[in-house]
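Peer 1: sequence and predicted model, in that order:
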Amino acid sequence: MKRLICFALAIVLILSLVITGCGNKEDSQANKDSSKSADSQGGNANESKKNEIGGEKVKVTKPGTFPIVEESTTLNIMVTDNVSVEDFATNEFTKWYEEKTKVHIDWSILPANGADEKLNLVLAGQDYPDVFMDCPIDTTQVMNYGKQGIFIPLNDYIEKYGVEVKKLFNDMEYVKNLLTFPDGKIYSMPYVNQCYHCSMAQKMWIYKPWLEKLNLDMPTTTDDFYEVLKVFHDKDPNGNGKKDEVPLAGANNGWFSEIDGFLMCPFVYNDGRNRMIIKDGNLDVTFNKPGWKEGLKYMHKLYKEGLMAPESFTQDADQLKQMGENPDTVVLGTAPGGHTGVFTQFYGESGRWLEYEAIPPLKGPNGYSSCYYNPFGVGVTSFIVTKKCEIPEVAVRWADGMYDRETTLRSVFGRLDEEWGWAGDEEIGINGKKAIYKTLKPWTEGVQNVCWMQSGPSLRTNELRLGEVANPDEPLETILYKETNEKYDPHKPNINSIVPPLAFTEEQANEIADFKKTINDYVNEMLARFVTGDADIDKDWDSYLKELENMNLKRYIDLSQEAYDAKYKK
């Protein structure tokens, strides 16, 4: 399933830890060298700099040209292991990019088991690499270590040496805004991966053959949806003479497979995660609003009448897929998910993944309609340069070169004219426009050694991703684009109402951590209890609100507002 897991930033990790310190100097000397590097930025682009690692002068070439340095030099990069990459050191893309840049990478691999703990040991032990790439570092850590001078600001280096990244900032100004921390500094080179269908991934899918067999229209309102589920429940649409149909089912850990995500949006905005919105510059939650209560009543009605599978709150994604791929006959009428592979098998023998169609966002009783929307698609902590790096201008130029279109495609897919190629003049892309490139070999999730499989900096805009030649033999991406563009895009909320990534100070982060978990766990618990009838929505609603107050919901919102104001209200 290529490039489906949005936002793409969560990488599967495997075992092996090799920490090879680069520039293993005393902190005072590293600070001195780092300061010296920043002070020298006003000099000539070819200015010589002492590289203690190689014991020679490093001459940096003119920005935008290759190689990056006149003589080969080395950077040490710690990277989170990628299960799809056999070996970063011997990878074909690694070798191609080293030849292009004259920059050799000494890799340190961060393994899977206990990755956060092992990363924290590296940070606490001050045995930093030159660069942390795709490591599980959050914005709070960036602010904290940036304040301490451990992660260095890249603003001046980007201004002097950046070429592709400055084009990126000019074309996508919001990327620069997301990268800029409240202190005005940029501590990371971006990872941009705009996945169009992922940005509106909270979809509901319906088994189209049942609609056609029962002469039913695609539902467009909550009342329509209820009536369709009743017919699915009562009229034996699979024709086996048994009451084995499951009109609606979800799972608690699939990709947007939670039962409340899509179904709450006709009543109040619900992203299925933090459930927070912005209105007139003010942050607020939606799970204590009247619309939330009405959505709970609607879902309780579906549950009470047997239209929603009872296990929707307890089963996992594998169990939901077993339901969707029930042997011999179809039993699943509708299911939430980012794509049909959440509850069926892509390209499976049953072919059911092609027989489900997306339901458009439903209108509620008051005419309200919305859908989940995450327009950002930017990794803001993906490529961080540390104070141990004595040649930060080389690190920035190395990352900057990755945003070149051909380099990005080689990084993600592999070798030009072997794994991918440029599109012909007459070839059409997924979006129906003139195509940009085509894949020549299937994009595998197995282990390979020709590309980095989404590791490292890259620039994949919607234009590029949807500019892939449409392949009728692999129609998944075309289907997802069509369903999203025609049915969900018209309902997406204004971007100004969507809460962007927030950066908390260490003090704020420590305070909000307990609030966030406690409150979200309680909201999810009560959602399940209200829907299943374990708690009475009318009788227990006020006590639910009171308990949220007791959990200090106001302080949780205030802390989020403070972080938002510090970063975005200038």
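Peer 2: Looks like it arrived, so ask away.
Peer 1: so which strand or helix has the residue lying closest to residue 197 once chain neighbours are set aside?
Peer 2: Sequence neighbours aside, residue 480 is the residue nearest to residue 197 in space, at 3.9 Å (criterion: C-beta to C-beta, 6 or more residues apart in numbering). All C-beta spots, glycine's among them, are computed from the backbone N, C-alpha and C. Residue 480 belongs to helix 476-483 when assigned by DSSP states H and E.
Peer 1: on that earlier part again, could you check the pLDDT of the residue nearest to residue 197?
Peer 2: What the model reports for residue 480 is a pLDDT of 98.
Peer 1: re earlier: buried residues, the next helix or strand after the helix holding residue 480. List them.
Peer 2: Downstream of helix 476-483, the next assigned helix or strand under DSSP H and E is helix 506-532. Residues 508-509, 511-512, 515, 519-520, 522-524, 526-532 are the ones in helix 506-532 that count as buried (16 or more other C-beta atoms under 10 Å).
Peer 1: mind listing what's buried in the helix or strand in which residue 118 is found?
Peer 2: Here residue 118 sits within helix 115-125, counting by DSSP H and E. Residues of helix 115-125 classed as buried: 115, 118-119, 122-123 (neighbour count, 16+ other C-beta under 10 Å).
Peer 1: where does the residue sitting furthest away from the middle of the chain sit: helix, strand or coil?
Peer 2: Relative to the C-alpha centroid of the chain, counting by C-alpha atoms, centre = their mean, residue 241 is the outermost residue, at 43.7 Å. The three-state assignment at residue 241 reads coil, by DSSP: H, G, I helix; E, B strand; the rest coil.
Peer 1: quick check: pLDDT value at it.
Peer 2: Looking at residue 241, its pLDDT is 96.
Peer 1: begin at 474, not 1, for the rest of this chat.
Peer 2: Understood, numbering begins at 474; the last thing we discussed is residue 714.
Peer 1: any idea how far residue 701 is from it?
Peer 2: 21 Å (C-beta to C-beta, to the nearest Å).
Peer 1: could you do residue 883 as well?
Peer 2: 47 Å.
Peer 1: over to residue 842?
Peer 2: 17 Å.
Peer 1: between those two, which has more neighbouring residues?
Peer 2: residue 701 (24 against 18; other C-beta atoms under 10 Å).
Peer 1: ok but that one is inside a helix, no?
Peer 2: Yes - counting by three-state DSSP, residue 701 is found in a helix.
Peer 1: quick one, what contacts it?
Peer 2: Residue 701 is in contact with 679, 684, 689, 692, 806-807, counting by C-beta atoms under 8 Å, 6 or more residues apart in numbering.
Peer 1: in strands, which of the residues you listed appear?
Peer 2: 679, 806-807 (DSSP state E).
Peer 1: distance to residue 577 and pLDDT added to the residues you listed, as TSV?
Peer 2: Formatted as TSV, these follow (distance: C-beta to C-beta, whole Å; pLDDT from 0 to 100):
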residue	distance to residue 577	pLDDT
679	54	98
806	57	98
807	54	98
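Peer 1: let me see the ranges of the helices in the stretch 524-673 of the chain.
Peer 2: Ranges of helices within the stretch 524-673 of the chain are 565-574, 588-598, 612-620, 628-634, 637-644, 646-652, based on DSSP state H, counting those that start in this stretch.
Peer 1: to residue 912, which of these lies closest?
Peer 2: helix 565-574 (15.5 Å; C-beta to C-beta).
Peer 1: elements contacting that closest one?
Peer 2: Applying 3 or more C-beta pairs under 8 Å, 6 or more residues apart in numbering; DSSP states H and E, one finds that helix 565-574 makes contact with strand 576-583, helix 865-874, helix 878-886.
Peer 1: 10 Å instead?
Peer 2: With contacts taken as 3 or more C-beta pairs under 10 Å, 6 or more residues apart in numbering; DSSP states H and E, helix 565-574 sits against strand 546-553, strand 576-583, helix 865-874, helix 878-886.
Peer 1: okay, the angle between the third one and helix 565-574?
Peer 2: An angle of 120 degrees separates the directions of helix 865-874 and helix 565-574 when computed by axes from the mean of the first three to the mean of the last three C-alpha atoms, to 10 degrees.
Peer 1: I'd like the average pLDDT over helix 865-874.
Peer 2: 98.
Peer 1: tell me the buried residues in it?
Peer 2: 865-874.
Peer 1: rebuild those as a markdown table, extending it with distance to residue 649.
Peer 2: A markdown table is the format used below for those (distance: C-beta to C-beta, whole Å):
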| residue | distance to residue 649 |
| --- | --- |
| 865 | 19 |
| 866 | 19 |
| 867 | 22 |
| 868 | 19 |
| 869 | 15 |
| 870 | 18 |
| 871 | 20 |
| 872 | 15 |
| 873 | 14 |
| 874 | 19 |
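Peer 1: with those in mind, which one is nearest to residue 672?
Peer 2: residue 872 (24.4 Å).
Peer 1: quick one: low-confidence parts of this structure?
Peer 2: 474-530, 918, 1043 (pLDDT under 70).
Peer 1: thinking again about what came up before, so which of the helices of the stretch 524-673 of the chain is nearest residue 895?
Peer 2: Taking these one by one with C-beta to C-beta, helix 565-574 is closest: 16.8 Å.
Peer 1: which of the residues in that closest one are buried?
Peer 2: For helix 565-574, by 16+ other C-beta under 10 Å, it's 565-567, 569-571, 574.
Peer 1: show me the helices in the stretch 724-873 of the chain, by range?
Peer 2: 733-737, 763-777, 790-797, 865-874.
Peer 1: could those be laid out in CSV, adding distance to residue 1042?
Peer 2: Formatted as CSV, these follow (distance: least, C-beta to C-beta, whole Å):
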stretch, distance to residue 1042
helix 733-737, 29
helix 763-777, 27
helix 790-797, 39
helix 865-874, 29
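Peer 1: of all those, which one is nearest residue 544?
Peer 2: Taking the helices of the stretch 724-873 of the chain one by one with C-beta to C-beta, helix 865-874 is closest: 11.5 Å.
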